[in-house]
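Student: sequence first, predicted model second:
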Amino acid sequence: MKLRTVLVAVAFGAVAAAQQVGAHHSVPVNFDQSKEATIEGVLTEIKWVNPHAHFRISVKQPDGSVLEWLVEMGATNTMKRAGFPMEKFMVGETYTIIGAPGRRDRSILLEEVVMPDGTRMTPTMRPRDPNNRNQG
Amino acid sequence: MPVSAQTAAEQAAGKTAVKAPATIPDLSVNWIAGGGRTTFSDYQLTEGGEARFKAYDFMKDDPAYMCIGASWTRIWLNPNVVVELRQTKEEIRMRYEWMDIERIIPLVDPLAATVKRNNVKGHPALGYSAAWYDGDTLVIDTVDVAPGYITTMDLRAGLPQSRRMHTVERLRRDGDILTIETTHVDAANYRTPVTSTIKYRKTDWEIMKYGCTPEEAAVVAPR
């Protein structure tokens, strides 16, 4: 596992989409949706709760040390309605998280996850559209 | 199914509500956000309001960290949660999935010298509300709110509210769309009213338990 943080400017649509995005603390207030980050690490904690579900993930840095990241999602109720397969997530497995970096250190809004078998999922269970980052 | 606005006995007794329609609008279904574009009016902050707005710190001031509702605009702004609305002749019952808020609003004559109002236990910033019908529109009138924030969302996060704020929600149904126009008048913070217009749509989804706990809601950073 390695830290891979990639910042990519998103050209259009992020601000407009942000008006509709759902989480309790307001996504655009807490995350920079003009950027994209990717992290890979070992899942250490799963919380399927409201107003926002979250994971804790241990991310190994190039010098070998490990830092914890907080991965935030929308409300668990919303993800249940979307049919998000929560039962497929296991502590101890390695996941890649793609999303908007937090305005706090080491936090990220999950927009897409790459599972250990390589399959990709979004919280809405619809294909990810970088120009419409409304995760609902 | 429309509900009779007044009984024959009430009509005979001369109890006439202001602009009471022959039938009241049927709003008694489940609703979910996503009925159309949300809009906000322009607003002009007072000097004190500007200072309070600038002082808002999203890292610690959002009442949602404590599982508490900020204002009715903030409640309606929350996306992807169900609102169950039910009407009786005496009251409006609304269950908001967000924070498991249960709102029972007495239907009153707005011209009465005093009107009965209800609050939502545990959510002081949501004040005390009474309701009536104005033609095809349900009007909900709220006063006595605790100081806080009209919204914690987007660029308006931290718009303040004072104890002096008066809130009027106007709910109107057009087919499967419910438009909620909420106007906040707060002379301590604004020189002009602040109005949000939010659209919900009819849904078959049922309310789900929210179960917010401050311990989990306040988790916003890694250890």
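Tutor: That came through fine.

Student: gap between the residue nearest the centre of chain A and chain B?
Tutor: For chain A, the residue sitting closest to the mean C-alpha position, by Cα atoms, centre = their mean, is residue A:110 at 1.3 Å. Relative to chain B, residue A:110 is positioned 14 Å away (Cβ to the nearest Cβ, to the nearest Å). In short, each C-beta sits where N, CA and C put it, glycine included.

Student: element containing that residue, please.
Tutor: Using DSSP states H and E, residue A:110 maps to strand A:107-114.

Student: pairing partners for that strand, with directions?
Tutor: Here strand A:107-114 is paired, per DSSP bridges, with strand A:66-72 (parallel), strand A:94-101 (antiparallel), strand A:120-121 (antiparallel).

Student: what sits against the most centrally placed residue in chain B?
Tutor: Centroid-nearest residue in chain B, with Cα atoms, centre = their mean: residue B:72, separated by 3.3 Å. Residue B:72 sits next to B:126, B:140, B:142, B:167, B:169, B:182 when contact means Cβ atoms under 8 Å, 6 or more residues apart in numbering or on different chains.

Student: the last one and residue B:116: what is the separation?
Tutor: Per Cβ to Cβ, to the nearest Å, residue B:182 is found 21 Å from residue B:116.

Student: quick one, which of the two is more surrounded?
Tutor: residue B:182 (24 against 13; other Cβ atoms under 10 Å in any protein chain shown).

Student: and that one, what are its bridge partners?
Tutor: residue B:169, residue B:196.

Student: pLDDT below threshold where in chain B?
Tutor: Low-confidence segments of chain B (pLDDT under 70): B:1-22.

Student: same thing but at 90, please
Tutor: B:1-23, B:58-59, B:79-80, B:153-155, B:218-223 (pLDDT under 90).

Student: number of nearby residues for the residue of it found nearest chain A?
Tutor: Residue nearest to chain A within chain B (Cβ to the nearest Cβ): residue B:79, separated by 3.6 Å. Applying other Cβ under 10 Å, we find 23 residues neighbouring residue B:79.

Student: which residues of chain B fall in helices?
Tutor: For chain B, the helices defined by DSSP state H cover B:8-12, B:47-55, B:72-77, B:214-217.

Student: touching, residue A:113 and residue A:125? I think so.
Tutor: No - with contact defined as Cβ atoms under 8 Å, residue A:113 does not count as touching residue A:125 (11.5 Å).

Student: okay, the two: which has more neighbours?
Tutor: residue A:113 (21 against 13).

Student: contacts for the longest helix along chain A?
Tutor: Ranked by residue count under DSSP H, the longest helix found in chain A is helix A:76-82. Residues outside helix A:76-82 that contact it (Cβ under 8 Å, 6+ apart): A:22, A:48-50, A:52-53, A:73, A:86, A:123-125, A:136, B:79-81, B:97, B:205, B:208, B:210.

Student: just the buried ones from those, in PyMOL syntax?
Tutor: Per 16 or more other Cβ atoms under 10 Å in any protein chain shown, the buried members of the contacts of helix A:76-82 correspond to this PyMOL selection:
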select buried, (chain A and resi 22+48+49+50+52+53+73+123+124+136) or (chain B and resi 79+80+81+97+208+210)
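
Student: how much space between residue B:31 and residue B:176?
Tutor: The value you get for residue B:31 to residue B:176, if Cβ to Cβ is used, is 9 Å.

Student: go through the strands paired with strand A:107-114 and pick out the most buried.
Tutor: Counting by mean count of other Cβ atoms under 10 Å in any protein chain shown, strand A:94-101 has the highest mean neighbour count of the strands paired with strand A:107-114, with a mean of 22.

Student: so who does residue 32 touch?
Tutor: I went with chain A, as the question did not name one. Neighbours of residue A:32 in contact, by Cβ under 8 Å, 6+ apart: A:100, A:101, A:102, A:103.

Student: actually it's chain B I care about, not the one you picked
Tutor: Counted by Cβ under 8 Å, 6+ apart, residue B:32 has contacts B:80, B:81, B:82, B:83, B:200, B:201, B:203, B:205.

Student: confirm for me that the third one is in contact with residue B:34.
Tutor: So the one you mean is residue B:82. No - taking Cβ under 8 Å as the definition, residue B:82 is not a contact partner of residue B:34, at 11.2 Å.

Student: of these two, which one has the most company?
Tutor: residue B:82 (21 against 16).

Student: need the contact list for that one.
Tutor: With the criterion set at Cβ under 8 Å, 6+ apart, residue B:82 makes contact with B:30, B:31, B:32, B:97, B:203, B:205, B:206, B:207, B:208.

Student: narrow the residues you listed to those in strands?
Tutor: B:30, B:31, B:32 (DSSP state E).

Student: output those residues as a markdown table; include the columns distance to residue A:117.
Tutor: Shown next, in a markdown table, are the ones in strands among the contacts of residue B:82 (distance: Cβ to Cβ, whole Å):
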| residue | distance to residue A:117 |
| --- | --- |
| B:30 | 37 |
| B:31 | 39 |
| B:32 | 33 |
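
Student: export the strands paired with strand A:107-114 as CSV, with columns for mean pLDDT.
Tutor: CSV is the format used below for the strands paired with strand A:107-114 (pLDDT from 0 to 100):
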stretch, mean pLDDT
strand A:66-72, 97
strand A:94-101, 97
strand A:120-121, 96
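
Student: up against chain A, what does chain B have?
Tutor: Those residues of chain B that sit near chain A, judged by Cβ under 8 Å from any Cβ of the partner chain, are B:34, B:38, B:58-59, B:62, B:64-65, B:67, B:78-81, B:97-99, B:152-155, B:157, B:205, B:208, B:210-213, B:216-217, B:219-223.
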